[in-house]
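Participant: Everything below, folded, please.
(one chain, ligands or ions: 2)
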Amino acid sequence: MIVVGLTGGIGSGKTTVAKMFQDLGVPVYNSDDRAKNLMQKSPELILEIKELLGEDAYKNSRLDRGYVSKQVFNNKELLASLNAIVHPAVRKDFLEWSKEQSADYVIQEAAIIFEIGSQDFYDCIILVTAPKETRIDRVMKRDTSSTFESIEARMKNQLSDDKKIEASDYVIQNEKIEQTKVQVLDIHRDLLNKI
Ligand SMILES: CC(C)(COP(=O)(O)OP(=O)(O)OC[C@H]1O[C@@H](n2cnc3c(N)ncnc32)[C@H](O)[C@@H]1O)[C@@H](O)C(=O)NCCC(=O)NCCS
Ligand SMILES: Nc1ncnc2c1ncn2[C@@H]1O[C@H](COP(=O)(O)OP(=O)(O)OP(=O)(O)O)[C@@H](O)[C@H]1O
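Facilitator: Ligands and ions are numbered 1, 2, ... in the order given. As a prediction, the model looks like this:
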């Protein structure tokens, strides 16, 4: 089974593209969602996160995403430490999930692949891109409580598209949705031909 990494900067359209692959029958693992699930349920992770960020990281036993975001996206060292706690747990969870799949290929959607140096884990990588202004605009429309500054703070912790394009096997330019669908279908056919 081929393991495909699907990545892209904030608001590029990773989840939108992932859904298109899902509609073609491809199993997709969403790392952002699974990570938050693990951060909510795993006693070991909860302990480590509280040690790193303090008791305030959880409010009424729920991960306080606003608090955590403010802490880590303005402090590269803290973010690296949080990544180092969460990433191994997500990797383990993904491997367990992938063993249950029987498709020709599976996709792991992950916002950070190159940023944490995990690119060699994948047989190939699909990058989703869109202009920076479009991405900010999309996130602000989707998450009405987000601000320009909070989105920029996340962007500053992500590699530039130029660097990621060089290191990716496929690049999807996600602007007009109909054109995105065509690119997804082309990649799907190409991947099936490789199997
Ligand atoms: C800080 C948290 C709680 C914020 O939660 P929130 O629901 O607001 O955002 P969500 O997780 O859905 O991520 C949305 C986007 O933020 C950006 N982002 C999230 N984590 C990171 C990160 N570690 N580095 C850079 N950008 C990130 C990505 O563009 C991502 O697609 C959460 O993102 C988190 O815990 N991140 C650190 C753990 C991690 O690396 N998760 C990614 C999966 S391995
Ligand atoms: N081609 C497109 N045209 C118009 N809107 C789009 C397009 N692609 C995605 N969107 C919208 O933009 C927003 C961001 O897309 P999506 O959630 O797929 O991005 P993401 O990369 O997964 O985001 P994040 O990094 O925040 O997790 C969503 O509201 C989505 O519906």
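Participant: and this structure, which of its residues are near ligand 2?
Facilitator: By the rule C-beta under 6 Å from any ligand atom, the part of the chain lying against ligand 2 is 8, 10-16, 32, 111, 138-139, 142, 174-175, 177, 180. In short, each C-beta sits where N, CA and C put it, glycine included.
Participant: what subset of these is also close to ligand 1?
Facilitator: 10, 32, 111.
Participant: of all those, which comes closest to residue 123?
Facilitator: residue 111 (19.5 Å; C-beta to C-beta).
Participant: quick one: which helix or strand includes residue 88?
Facilitator: helix 76-99 (DSSP states H and E).
Participant: neighbouring contacts of that helix?
Facilitator: 1, 3, 29, 31, 34-35, 38-39, 42, 44-45, 48-49, 52-53, 68, 71-73, 106, 108, 110, 112, 115-116, 118, 121, 157 (C-beta atoms under 8 Å, 6 or more residues apart in numbering).
Participant: hmm, back to that, which PyMOL command selects the buried ones in the residues of the chain next to ligand 2?
Facilitator: Buried subset of the residues of the chain next to ligand 2, written as a PyMOL selection, criterion 16 or more other C-beta atoms under 10 Å:
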select buried, resi 8+10+11+12+13+14+15+16+111+138+139+174+180
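Participant: Please narrow the residues of the chain next to ligand 2 to those residing in strands.
Facilitator: Among these, the members falling in strands (DSSP state E) are residue 8.
Participant: tell me the domain ranges of the chain?
Facilitator: The chain breaks down by automatic domain parsing into domains covering 1-27+104-195, 32-100.
Participant: still on that earlier bit, give me the buried entries from the contacts of helix 76-99.
Facilitator: For the contacts of helix 76-99, buried by 16+ other C-beta under 10 Å: 3, 29, 31, 34-35, 38-39, 45, 48-49, 52-53, 68, 71-73, 106, 108, 110, 112, 115, 118, 157.
Participant: Which residues of the chain lie near ligand 1?
Facilitator: 10, 31-32, 35-36, 39, 65, 68-69, 72, 79, 82-83, 86-87, 90, 110-112, 115, 154, 157-158.
Participant: Swap in 5 Å and give it another go.
Facilitator: Residues of the chain lying close to ligand 1 (C-beta under 5 Å from any ligand atom) are 10, 31-32, 35, 65, 68-69, 83, 86, 90, 111-112, 154, 157.
Participant: what number of residues lie near residue 105?
Facilitator: 19 (other C-beta atoms under 10 Å).
Participant: go on, residue 28?
Facilitator: 18.
Participant: ok, now which ones touch it?
Facilitator: Taking C-beta under 8 Å, 6+ apart, one finds 6, 18-19, 21-22, 106-109 in contact with residue 28.
Participant: so where do the helices sit in this structure?
Facilitator: 14-23, 31-41, 43-53, 65-72, 76-99, 132-142, 148-155, 161-166, 177-194 (DSSP state H).
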